[in-house]
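A.B. asks: What follows is a predicted protein model with its sequence.
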There are 2 protein chains.
Amino acid sequence: MVAAVHEGTTLKAKLFYGFSDTSRLSILEALRRKPLNVSELVQLTGLSQSNVSNHLGCLRDCGLVSREQQGRYVIYQLSDPRVGELLSLADEVLADVAKGVYECTRYTLPEEQTNE
Amino acid sequence: MVAAVHEGTTLKAKLFYGFSDTSRLSILEALRRKPLNVSELVQLTGLSQSNVSNHLGCLRDCGLVSREQQGRYVIYQLSDPRVGELLSLADEVLADVAKGVYECTRYTLPEEQTNE
DNA sequence: TTAACATATCATTGTATGCTGATACGATGA
DNA sequence: TCATCGTATCAGCATACAATGATATGTTAA
């Protein structure tokens, strides 16, 4: 390991990493529509409470979502509209590249769950 | 695990995962400027040949880069201009959110390598 | 065919991290 | 204060995957 990895590259990798997990993506997609508290997110995503909380902590640390306490609820929302834009652009790219991604066997699909 | 994870979400996660590694990002950033063969990428990124080849295989499987054999060289290039756009948009988002991502301790920084 | 170069693949290993269950913390209302 | 609800944190486990080194495949030229 000798090469220069721009600081920017490291940051970008971390940013993308925030989006690279189905659980976190589900959370972000949900928040894209409107702010939600943790319980609502648990309901919508079907993830465990601790799991959601963990991912929220991570997303918050990275500045992708912001947090506001309201009574005993904590409301989360996207901290920047461009977070949503990134998701949209990804959708567009996927519209063309989807087949490739779909067939990509290098990463493990967490088993296709195509209900909804 | 009961909840529905849209197929689209899974795909998006995989797409982002392609961008979530400094090695792959370095490769993509390099290809963003112009098509390159593997040896050039090895040189530019400082990664080992097998490592670069592995990542290229992954990026290719996912449809993010395309491959063209030219004599004994294999030229790689971004398969879609929007791949570059995603990188640009990420840069923009980072311009505002960078501090947060930088200080995000949930993910391990592969030790800051800020030379270049 | 053989040598030399370019790229791809494979097995292995270490590590990072997602998930779970239990528990702690915090806020509200009785 | 106590009970309850909502959220956060922690330890442990299982697993995915990045990196390495060795080797295989493929291409060109002599």
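C.D. replies: Yes, it's here.
A.B. asks: packing partners for the top helix by length along chain A?
C.D. replies: In chain A, ranked by residue count with DSSP state H as the criterion, the top helix is helix A:81-103. Packing contacts for helix A:81-103, counted by 3 or more Cβ pairs under 8 Å, 6 or more residues apart in numbering or on different chains; DSSP states H and E, involve helix A:7-19, helix A:22-33, helix B:7-19, helix B:81-103. To be clear about C-beta, it is placed using only N, CA and C from the backbone, and glycine gets the same treatment.
A.B. asks: anything in stretch A:53-62 near chain B?
C.D. replies: Yes: under the criterion of Cβ under 8 Å from any Cβ of the partner chain, chain B is reached by stretch A:53-62 at A:Gly57, A:Cys58, A:Asp61, A:Cys62.
A.B. asks: Next one: the last one from B:Glu92, what distance?
C.D. replies: If I follow you right, that is A:Cys62. Look at A:Cys62 and B:Glu92: by Cβ to Cβ, to the nearest Å, they are 16 Å apart.
A.B. asks: between these two, who's got more neighbours?
C.D. replies: Neighbours per residue, other Cβ atoms under 10 Å in any protein chain shown: of A:Cys62 and B:Glu92, the larger number sits with A:Cys62, 24 against 13.
A.B. asks: Verify the stated contact: the more buried one with B:Val97.
C.D. replies: Yes: with contacts counted by Cβ atoms under 8 Å, A:Cys62 reaches B:Val97, the gap being 7.3 Å.
A.B. asks: list the residues that contact both of the two?
C.D. replies: Listed as contacting both A:Cys62 and B:Val97 by Cβ atoms under 8 Å, 6 or more residues apart in numbering or on different chains are A:Leu15.
A.B. asks: Might one say that A:Glu85 is in contact with B:Leu89?
C.D. replies: Yes: if you go by Cβ under 8 Å, A:Glu85 and B:Leu89 touch, sitting 6.3 Å apart.
A.B. asks: More neighbours: which of the two?
C.D. replies: Under the neighbour definition other Cβ under 10 Å, A:Glu85 and B:Leu89 were set side by side, and B:Leu89 has more, 17 against 13.
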